[in-house]
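Student: Pasting a predicted model and its sequence here:
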Protein chains: 2
Amino acid sequence: MADAYLVGAGQSPFGSFPDGTYRSLFETAYDRTLESVDGDLDPDRIEEAFLGTLGVGGRQIGLSAPAATEHVGLHGIPTTRIENACASGGYALRSAVATVRAGMADLVLAGGYEVMTDTSADRTKWWLGVSGETEWERLSGTTFAGVYAQMASAHMDEYGTTAEDLSRVAVKNHANGARNPDAHLGFECSLEEAMDAPAVADPLNLYHCCPTTDGASAVLVASEAVANELSDDPVRVAGIGAASGRVGLFQRPEPTSIPASRTAAERAYGDAGIDRPTADLDFAEVHDCFAVAELLAYEDLGFCEPGEAGRLLREGRTDPDGDLPVNTSGGLKSKGHPIGATGTGQVVEAFKQLRGEASVQVDNPVRGLAHNVGGSGGGVTVHVFERAAEVDA
Amino acid sequence: MADAYLVGAGQSPFGSFPDGTYRSLFETAYDRTLESVDGDLDPDRIEEAFLGTLGVGGRQIGLSAPAATEHVGLHGIPTTRIENACASGGYALRSAVATVRAGMADLVLAGGYEVMTDTSADRTKWWLGVSGETEWERLSGTTFAGVYAQMASAHMDEYGTTAEDLSRVAVKNHANGARNPDAHLGFECSLEEAMDAPAVADPLNLYHCCPTTDGASAVLVASEAVANELSDDPVRVAGIGAASGRVGLFQRPEPTSIPASRTAAERAYGDAGIDRPTADLDFAEVHDCFAVAELLAYEDLGFCEPGEAGRLLREGRTDPDGDLPVNTSGGLKSKGHPIGATGTGQVVEAFKQLRGEASVQVDNPVRGLAHNVGGSGGGVTVHVFERAAEVDA
């Protein structure tokens, strides 16, 4: 199997853009991706594209992916829309890596886009709701905040996790996002603010929930030969893993873990040869759609034992200067969560970290991961990236 | 690059099923796919799935693919929803082949599903319309029938193609579909009936348009080792090609051809080593969503020169006993067109033809293709299949 490498990555600003469309936002992400490539790249060398989107709002439901690639001048290449709810971007990257590993193409674009803020709140809620389990969750009135609130309650009951732990996720991620010029909510918040915010779905308050966001992101995946030609400092896709899980939370054995995250991580670690994630990884972008989701990720990805996530966070171990910094980009909480763009948006941060270009830069990282969750765990991807030059040396 | 093989394929009946859901229809297709495998297959050996759907009706928009695989008991595998409008199934197969060719899995499921008839006609029209070009086609009132009517008018003007030529597509495909127990409109129609039907979008009448259909289909893609283990008569995926095109018809240089079909076919023929399609192919399933689309396919896939499609049809060359039988399944016109299920539904017919199990069986075919078009040509796949035993012998 041939190796796949990242040679470029870029995102549009994430935020609320009344004049933005999925195409204009994607164009910004695409242009920035091309600019991030070290060498001279003729875009006609891009052979295939996989773009993730949920299609919130329903403007161009079918064929929006080829409509996006034609908009940026990529005519004639196979372009596939990938949809796995909030994990659409992660799965788009997976297909791009498969295409390069298969030798079917030497340079493939993966990306995603979503426009969420030009639609009424009710309509956006419907579009998000239809990514949850339909019969027993959405139609009985449960929103995603409600589903994650159940997970938070269970984790608090089972392990003594506190509202302060949840709020500390917001404090950390906002502190990081405040330094990211592309963040949607790029401001700091104090622990008091994060504790005293209005309730959304008890025990989750406003600061425990990510915003609805407009944005796009993209990455370029290359074969080894093309990576060496185009990049001074390519990033190897060292491990990929993905898994589906029961779409409804009520269908799973217990609500304090996302089994698909565990399985996807096992597969990615196996692919990358990682035995001890805390020792082998230098940073992680994890899917913090709600504060509890970041805590579950620590446990499901093997950063700590079940029930220990709150402690890991409180001890500062996932701060930028801790031993495993998490969500240096600001995460979904502060950077924002434009559904289809989130997965490859995480990879933009990983690319920057490994090339020393991040807004909150970790000290000389060699290896990191991106963890992308669809719905409440119906589909998960984990990708491990490493700095090729560092590992080869 | 490793080769990929089909070891099983099956579809639900296509039709209008008031009690059917996307999950129940997919279950039928999946069960039939497993039954079609020669050897004993433990379903736990299926490692990944790619499922196509447009999601007409919007019941479970996000994560419907993992919801479908969990319904049939495939828990934990990576499952990706693919959406490229009417070419969703073809692109799902493409990703499955890439995964096997990459060596990332030895056994992968590709399939699709759509439920269209339990929604009001207006609502179905909306769901289909949003797969067309939004700003200049849908919002100005153009339906897909309208777009294809423009193509038909242009072809008639340019080449003298006649309403009778269009009607002969319906006559041929209904004659084939009448013998397919899984066809939606499984009855014959006379040339008079196909000429005298009510207008839909002039020059297209009711018999020049495929129905809206409920259904599901699936195929199993295997590595060579697993194919040899599980199948007495595996089908090799000899060539794959795909291309995107301008999503709006008005954006293309001329309306008498679908450029993405030409490009996808060139790529598939190159991959399969086909120089002369009429000599090298023994049958073809082509995307006849409207009668003119089948005629365009003859020309775009190189079965004849531009403008010669009507003659090819009139001379019976694409009849079951002609030198290149087309749509022996009945095609979209008679078998039906459940959007996401259509692409892999065509592959079910190709699998049966190459194993001598088709309802309208071609005489000892060695090689055939499936051609799947999204929208009016925004995305196209062409796959060439060949009987491995015959070619190896």
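Tutor: Ah, there it is. Please read these numbers as outputs of a predicted model, since none were measured by experiment. Numbering: from 1, shown residues only, chains lettered A, B, ... in the order given.
Student: What residues of the strand or helix carrying A:Glu192 count as buried?
Tutor: According to DSSP states H and E, A:Glu192 maps onto helix A:191-196. Buried residues in helix A:191-196, counted by 16 or more other C-beta atoms under 10 Å in any protein chain shown: A:194-195. Placement of C-beta: from N, CA and C, glycine included.
Student: Strand partners (parallel or antiparallel) of the helix or strand following that helix?
Tutor: Sequence order places strand A:199-201 as the next helix or strand after helix A:191-196, per DSSP H and E. Strand A:199-201 sits in its sheet next to strand A:204-205 (antiparallel), going by DSSP bridges.
Student: now the next helix or strand after the strand it pairs with, how far from the centre of its chain.
Tutor: Beyond strand A:204-205 on the C-terminal side, the first helix or strand identified by DSSP H and E is strand A:215-223. How far strand A:215-223 lies from its chain's middle: 13 Å, per C-alpha atoms, centre = their mean, to the nearest Å.
Student: Equivalent analysis for stretch A:260-277, please.
Tutor: The answer for stretch A:260-277 is 17 Å, by C-alpha atoms, centre = their mean.
Student: So what's the residue count around A:Gly103?
Tutor: Number of residues near A:Gly103 (other C-beta atoms under 10 Å in any protein chain shown) recorded here: 15.
Student: Now do the contacts for the residue nearest to it when sequence neighbours are not counted.
Tutor: Spatial nearest neighbour of A:Gly103, chain neighbours left out: B:Met1 (4.5 Å); criterion: C-beta to C-beta, 6 or more residues apart in numbering or on different chains. Shown in contact with B:Met1 (C-beta atoms under 8 Å, 6 or more residues apart in numbering or on different chains): A:102-104, B:101.
Student: Extract the C-alpha trace of the helix holding A:Glu192 and format it as CSV.
Tutor: Extracted in CSV, the C-alpha atoms of helix A:191-196 (Å, rounded to 0.1, in the frame of the first residue of the first chain):
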residue,chain,number,x,y,z
LEU,A,191,-14.5,30.1,34.4
GLU,A,192,-17.2,32.3,36.0
GLU,A,193,-18.7,33.1,32.7
ALA,A,194,-18.6,29.5,31.6
MET,A,195,-20.2,28.4,34.9
ASP,A,196,-23.0,31.0,34.9
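Student: Residues touching that helix, excluding its own?
Tutor: The set of residues external to helix A:191-196 that reach it, using C-beta under 8 Å, 6+ apart, is A:163-164, A:167-168, A:170-171, A:174, A:205, A:207-208.
Student: Pull out the buried members of those.
Tutor: Applying 16+ other C-beta under 10 Å to the contacts of helix A:191-196, the neighbour count classes A:163, A:167-168, A:170-171, A:174, A:205, A:207-208 as buried.
Student: which one among these gets closest to B:Asp38?
Tutor: Top of the list for closeness to B:Asp38, among the buried ones among the contacts of helix A:191-196 and by C-beta to C-beta, is A:His208 at 53.7 Å.
Student: What does the closest residue in space to the closest one that isn't next to it in sequence show for phi and psi?
Tutor: Once flanking residues are discounted, A:His208 sits nearest to A:Ala291: 4.0 Å by C-beta to C-beta, 6+ apart. A:Ala291 adopts backbone torsions of phi -60, psi -40, taken as degrees, to the nearest 10.
Student: Pretty sure A:Ala291 sits against A:Lys172.
Tutor: No. A:Ala291 is beyond contact range of A:Lys172, at 10.0 Å (criterion: C-beta atoms under 8 Å).
Student: more crowded one of the two?
Tutor: A:Ala291 (31 against 28).
Student: gap between the more buried one and A:Asp300?
Tutor: 15 Å (C-beta to C-beta, to the nearest Å).
Student: next one: A:Leu139
Tutor: Separation of A:Leu139 from A:Asp300 (C-beta to C-beta) stands at 28 Å.
Student: Compare the two and say which is more crowded by neighbours.
Tutor: Neighbour count, other C-beta under 10 Å: between A:Leu139 and A:Asp300, A:Asp300 has more, with 28 against 12.
Student: Pull the contacting residues for A:Thr161.
Tutor: So, once contact is read as C-beta under 8 Å, 6+ apart, A:Thr161 ends up touching A:152, A:155, A:292, A:295, A:307, A:309-310.
Student: er, A:Val347 actually
Tutor: Counted by C-beta under 8 Å, 6+ apart, A:Val347 has contacts A:6, A:9, A:89, A:93, A:110, A:217, A:219, A:285, A:370, A:383, A:385.
Student: Weed out the non-buried ones from these.
Tutor: For these, buried by 16+ other C-beta under 10 Å: A:6, A:9, A:89, A:93, A:110, A:217, A:219, A:285, A:370, A:383, A:385.
Student: Mind putting the residues you listed into CSV with pLDDT and distance to chain B?
Tutor: Shown next, in CSV, are those (pLDDT from 0 to 100; distance: C-beta to the nearest C-beta, whole Å):
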residue, pLDDT, distance to chain B
A:Leu6, 98, 17
A:Ala9, 98, 21
A:Gly89, 98, 12
A:Leu93, 98, 11
A:Ala110, 98, 13
A:Ser217, 98, 18
A:Val219, 98, 17
A:Glu285, 98, 19
A:Ala370, 98, 15
A:His383, 98, 12
A:Phe385, 98, 17
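Student: just checking, which of these belong to helices?
Tutor: Judged by DSSP state H, the subset of the buried ones among the contacts of A:Val347 located in helices is A:89, A:93.
Student: Can you tell me the closest non-neighbouring residue to the residue most central in space within chain A?
Tutor: Central residue of chain A (C-alpha atoms, centre = their mean): A:Gly343, 3.3 Å from the mean position. Closest residue to A:Gly343 in three dimensions, ignoring its sequence neighbours and counting by C-beta to C-beta, 6+ apart: A:Gly89, at 2.4 Å.
Student: low-confidence ranges in the stretch 101-250 of chain A?
Tutor: Scanning the stretch 101-250 of chain A with the threshold set as pLDDT under 70 gives A:129-131.
Student: which SSE is the spatially closest residue to A:Met104 that is not a sequence neighbour in?
Tutor: Spatial nearest neighbour of A:Met104, chain neighbours left out: B:Ala98 (5.7 Å); criterion: C-beta to C-beta, 6+ apart. B:Ala98 is part of helix B:88-101 when elements are defined by DSSP H and E.
Student: CA atoms only: put that helix into PDB for me.
Tutor: Output of helix B:88-101 as PDB, limited to C-alpha atoms (Å, rounded to 0.1, in the frame of the first residue of the first chain):
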ATOM      1  CA  SER B  88     -24.700   8.200  -6.000                       C
ATOM      2  CA  GLY B  89     -24.600   4.500  -6.500                       C
ATOM      3  CA  GLY B  90     -21.900   4.600  -9.100                       C
ATOM      4  CA  TYR B  91     -19.700   6.700  -6.900                       C
ATOM      5  CA  ALA B  92     -20.400   4.500  -4.000                       C
ATOM      6  CA  LEU B  93     -19.000   1.600  -6.000                       C
ATOM      7  CA  ARG B  94     -16.000   3.700  -7.100                       C
ATOM      8  CA  SER B  95     -15.100   4.300  -3.400                       C
ATOM      9  CA  ALA B  96     -15.500   0.600  -2.600                       C
ATOM     10  CA  VAL B  97     -13.200  -0.300  -5.500                       C
ATOM     11  CA  ALA B  98     -10.600   2.200  -4.300                       C
ATOM     12  CA  THR B  99     -10.700   0.800  -0.800                       C
ATOM     13  CA  VAL B 100     -10.000  -2.700  -2.100                       C
ATOM     14  CA  ARG B 101      -7.500  -1.600  -4.600                       C
END
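Student: ranges for the strands of the stretch 201-350 of chain A?
Tutor: Remark: strands assigned in the stretch 201-350 of chain A by DSSP state E, counting those that start in this stretch are A:204-205, A:215-223, A:235-244, A:283-285.
Student: could you dump these to CSV with distance to A:Leu34?
Tutor: Shown next, in CSV, are the strands of the stretch 201-350 of chain A (distance: least, C-beta to C-beta, whole Å):
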stretch, distance to A:Leu34
strand A:204-205, 39
strand A:215-223, 8
strand A:235-244, 16
strand A:283-285, 22
